[in-house]
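*Asks:* compute the structure for the input listed below.
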Amino acid sequence: MNIIIDAMGGDNAPKEILRGAADAVRAYGVAVTAVGRKADMEACARENGIDLAGITLVNAEETIEMCDEPTAAIRGKKDSSMVVGLRMLAEGKGDAFVSAGSTGALLAGATLIVKRLKGVKRPAIGTVIPGGKQPYLLLDAGANVECRPEMLNAFATMGSVYAEKVMGRKKPAVALLNNGAEETKGTPVYVEAHGLMRQNPNIRFTGNIEPRDVPSGTADVVVCDGFTGNVVLKLTEGVAKMLVREVKGVFMKNAASKLAYLAVKGGMGDFKKKLDADEHGGALMMGVTKPVIKAHGSSNAKAFRNAIRQAKQCVESGAVEAMRERLAAAAQNEQKE
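*Replies:* Predicted structure coming up:
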């Protein structure tokens with residue numbers, strides 16, 4: 001399996017990207033094609049002792065910056081690491097693509113170059129988030145500020161497939177994020193989306209879920225528009241960091257509390273790991289014809305390695321093809337009605 005990566009995308013490129021890729025080659029047995037300025041990648045590997053065994057370097061002289069207008073950058077920077085990598089994926093020269101670069105540009109590139117699945121108006125970002133019972137999938141986590149009801153229904157179908165194929169959930173519970181549990185709650189868009197999801201035979205829809213219940217992890221898939229999802233994602237990240245910091249502060253107050261910490265050190269390690277977003281790696285661009293993974297812009301080597309692991313799981317599970325089939329089935333069901 002060959003995973004193509006954008007070696008120049010992200011705050012810590014190319015050092016942490018190449019470190020993560022090297023770790024992934026050893027840990028997961030994948031081949032990696034790193035796209036970027038070849039001279040810079042070679043120098044970075046040499047200066048930081050990064051073993052490039054199993055990594056093929058492909059030269060691309062341009063880089064898409066975070067400040068670039070997404071669509072203009074994709075169309076104008078033909079020799080950028082992101083565009084070259086996405087083009088290679090579309091041409092079948094790799095099985096998946098991973099980038100920590102601009103989310104907007106990656107979304108535009110995935111749509112324009114790799115193309116959308118039939119029945120998908122706009123791809124969504126699906127992000128796995130730590131939960132009390134278990135991690136859950138949130139989508140859309142930022143791609144579409146406004147959504148029509150049929151878009152939310154398509155997100156539900158794709159999210160259910162991902163939870164089943166990649167997360168290993170049997171008959172995943174799909175919920176619609178809303179300001180109340182009653183089916184009449186929310187804006188007209190959400191009320192109509194609720195009706196579509198209730199009639200969707202391709203998902204196990206459990207109704208609306210209120211924000212206070214989302215962190216419990218009782219729903220496998222939480223569906224919402226991209227504006228709401230991005231707020232939930234960033235709030236969750238902030239609360240998680242605050243909790244870890246505050247709990248650590250409690251144990252570091254004095255000698256007695258430090259001794260108490262020694263007794264629960266193992267449990268605290270598990271708690272911290274549970275809240276660590278780096279463990280999940282990245283977010284799948286759902287609705288694209290091949291696996292495209294968006295890693296966090298500030299990804300370190302650990303996060304990028306796990307994003308590559310996620311890409312490998314998406315390929316092995318056949319998640320994208322399963323999404324294609326479920327979306328087609330959903331379209332046929334709508335035509336019958």
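*Asks:* so for the residue lying closest to residue 79 once chain neighbours are set aside, what's the pLDDT?
*Replies:* With sequence-adjacent residues excluded and distances taken as Cβ to Cβ, 6 or more residues apart in numbering, residue 79 is closest to residue 62, at 4.7 Å. C-betas here are computed from N, CA, C, even on glycine. The score at residue 62 is 96. That number is its pLDDT.
*Asks:* and residue 197, by the same measure?
*Replies:* Here the pLDDT value assigned to residue 197 is 95.
*Asks:* give me the contacts around whichever strand or helix holds it.
*Replies:* Remark: residue 197 resides in helix 188-198, with elements defined by DSSP states H and E. By Cβ atoms under 8 Å, 6 or more residues apart in numbering, the residues outside helix 188-198 that reach it are 147-150, 152-153, 156, 174, 176, 178, 183-186, 203, 205, 207-208, 223, 225.
*Asks:* filter those residues down to just the ones in helices.
*Replies:* Among those, the ones falling in helices (DSSP state H) are 149, 150, 152, 153, 156.
*Asks:* next, count neighbours for the closest residue in space to the second one that isn't next to it in sequence.
*Replies:* Which is residue 150. Computed as Cβ to Cβ, 6+ apart, the closest residue to residue 150 that is not its neighbour in sequence is residue 196, at 6.6 Å. Using other Cβ atoms under 10 Å, residue 196 has 18 neighbouring residues.
*Asks:* how many residues are close by the residue nearest to residue 77 when sequence neighbours are not counted?
*Replies:* Distance criterion Cβ to Cβ, 6+ apart; nearest residue to residue 77, sequence neighbours excluded, is residue 62 at 4.5 Å. Neighbours of residue 62 under the rule other Cβ under 10 Å: 18.
*Asks:* swap in the one 3 residues further on?
*Replies:* A total of 14 residues lie near residue 65 under the criterion other Cβ under 10 Å.
*Asks:* in space, what's closest to it - neighbours in sequence excluded?
*Replies:* Residue nearest to residue 65 in three dimensions, not counting chain neighbours: residue 102, with 7.3 Å by Cβ to Cβ, 6+ apart.
*Asks:* one more: residue 11?
*Replies:* Per Cβ to Cβ, 6+ apart, closest to residue 11 is residue 298, 4.8 Å.
*Asks:* wait, a strand at the one you found?
*Replies:* No - applying DSSP: H, G, I helix; E, B strand; the rest coil, one finds residue 298 to be coil, outside a strand.
*Asks:* hmm, it is touching residue 10, no?
*Replies:* Yes - between residue 298 and residue 10 there is a contact at 7.2 Å, judged by Cβ atoms under 8 Å.
*Asks:* quick one, helices of the stretch 51-200 of the chain?
*Replies:* Under the criterion DSSP state H, counting those that start in this stretch, helices of the stretch 51-200 of the chain are mapped to 70-76, 81-90, 103-109, 149-165, 188-198.
*Asks:* so which of those helices is nearest residue 248?
*Replies:* Nearest to residue 248 among the helices of the stretch 51-200 of the chain is helix 103-109 (30.7 Å), distances taken as Cβ to Cβ.
*Asks:* now do that closest one: which elements does it pack against?
*Replies:* helix 70-76, helix 81-90, strand 292-295 (3 or more Cβ pairs under 8 Å, 6 or more residues apart in numbering; DSSP states H and E).
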